[in-house]
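Asker: Quick one, structure for this:
(chains A and B)
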Amino acid sequence: DTEVTQTPKHLVMGMTNKKSLKCEQHMGHRAMYWYKQKAKKPPELMFVYSYEKLSINESVPSRFSPECPNSSLLNLHLHALQPEDSALYLCASSRGGVVAGWDEQYFGPGTRLTVT
Amino acid sequence: GQQVMQIPQYQHVQEGEDFTTYCNSSTTLSNIQWYKQRPGGHPVFLIQLVKSGEVKKQKRLTFQFGEAKKNSSLHITATQTTDVGTYFCAQYNFNKFYFGSGTKLNVKP
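Answerer: The predicted structure is shown next:
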């Protein structure tokens, strides 16, 4: 199984809502990532979990809160978002932790988020 | 911020023509990765280059890493409509991982 799954596929939320994005992989990968991608732009790294510990936070606002319950699951909790946070949110995983170097990343299909 | 620039930003070719995208950095890169993202899709890993002057081939795709490790290229021979998408280079440096700005390829049948 070389698949990364993400739910939901689409999400519309108001600025006062609380929602969560979910990501799952069963490849035994030890690093998991959240990216944000705006239209016609490259993905931008938000967070990296390596061996279930948050190892990189790219100065992301606190209204985004990541969580790694176990080595297969990654969540992104959303609260009090702004319309400019509307984007495609991509999850990815890779074999090794980032300390050893950045392995090839396997991306999920993404969650398209619209904040109204 | 971004440390790798890609050119061109867009390329429109007729099916069967060749295509090349270039990735340039002002600093020496420890390695470079290439990804492809189809329209409406997600990035898919293509290759990783590590050594100075390295050349790798995947069927019609040829990847090169510059001798000074400051640039890289992806060349597609005889494009097909299935090659449509955005090609990103990406590089990491310690705790930083960046995608390049991307080259969007359109192939006319």
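Asker: any weak-confidence spans in chain A?
Answerer: Along chain A, the parts satisfying pLDDT under 70 run over A:1-2, A:97-101.
Asker: Can you tell me the SS state at the closest residue to chain B within it?
Answerer: Residue nearest to chain B within chain A: A:P42 (3.6 Å; Cβ to the nearest Cβ). Heads up, the C-betas are built off the backbone N, CA and C, glycines and all. Under the three-state scheme (DSSP: H, G, I helix; E, B strand; the rest coil), A:P42 adopts coil.
Asker: Could you tell me which residues make contact with the residue nearest to it when sequence neighbours are not counted?
Answerer: Leaving aside its sequence neighbours, A:P42 sits nearest to B:F99 (Cβ to Cβ, 6 or more residues apart in numbering or on different chains; 3.6 Å). Residues near B:F99 by Cβ atoms under 8 Å, 6 or more residues apart in numbering or on different chains: A:P42, A:P43, A:E44, B:Q2, B:V4, B:Y35, B:P43, B:F88, B:C89, B:A90.
Asker: From A:K18, how far out is the residue of chain A closest to chain B?
Answerer: 29 Å (Cβ to Cβ, to the nearest Å).
Asker: More neighbours: those two, which one.
Answerer: Counted by other Cβ atoms under 10 Å in any protein chain shown, A:P42 and A:K18 do not tie: A:P42 has more neighbours, with 22 against 12.
Asker: Tell me which residues touch residue 92, please.
Answerer: Here I'm looking at chain A. A:V4, A:M32, A:Y33, A:Y35, A:Q105, A:Y106, A:F107, A:G108, B:P43.
Asker: Correction: the question concerned chain B.
Answerer: By Cβ under 8 Å, 6+ apart, B:Y92 lies in contact with A:G101, A:W102, B:S30, B:N31, B:Q33, B:Y98.
Asker: again, only this time at 7 Å
Answerer: A:W102, B:N31 (Cβ atoms under 7 Å, 6 or more residues apart in numbering or on different chains).
Asker: Pop out the phi and psi values for A:Q37.
Answerer: When read as degrees, to the nearest 10, the backbone of A:Q37 gives phi -130, psi 120.
Asker: Also B:A68?
Answerer: Per degrees, to the nearest 10, the backbone of B:A68 is at phi -90, psi 0.
Asker: Any chance of CSV for the contacts of A:A92, columns neighbour count, secondary structure and distance to A:C23?
Answerer: CSV is the format used below for the contacts of A:A92 (neighbours: other Cβ atoms under 10 Å in any protein chain shown; DSSP: H, G, I helix; E, B strand; the rest coil; distance: Cβ to Cβ, whole Å):
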residue, neighbour count, secondary structure, distance to A:C23
A:V4, 25, strand, 7
A:M32, 25, strand, 7
A:Y33, 27, strand, 9
A:Y35, 26, strand, 11
A:Q105, 25, coil, 12
A:Y106, 21, strand, 11
A:F107, 22, strand, 10
A:G108, 23, coil, 6
B:P43, 28, strand, 15
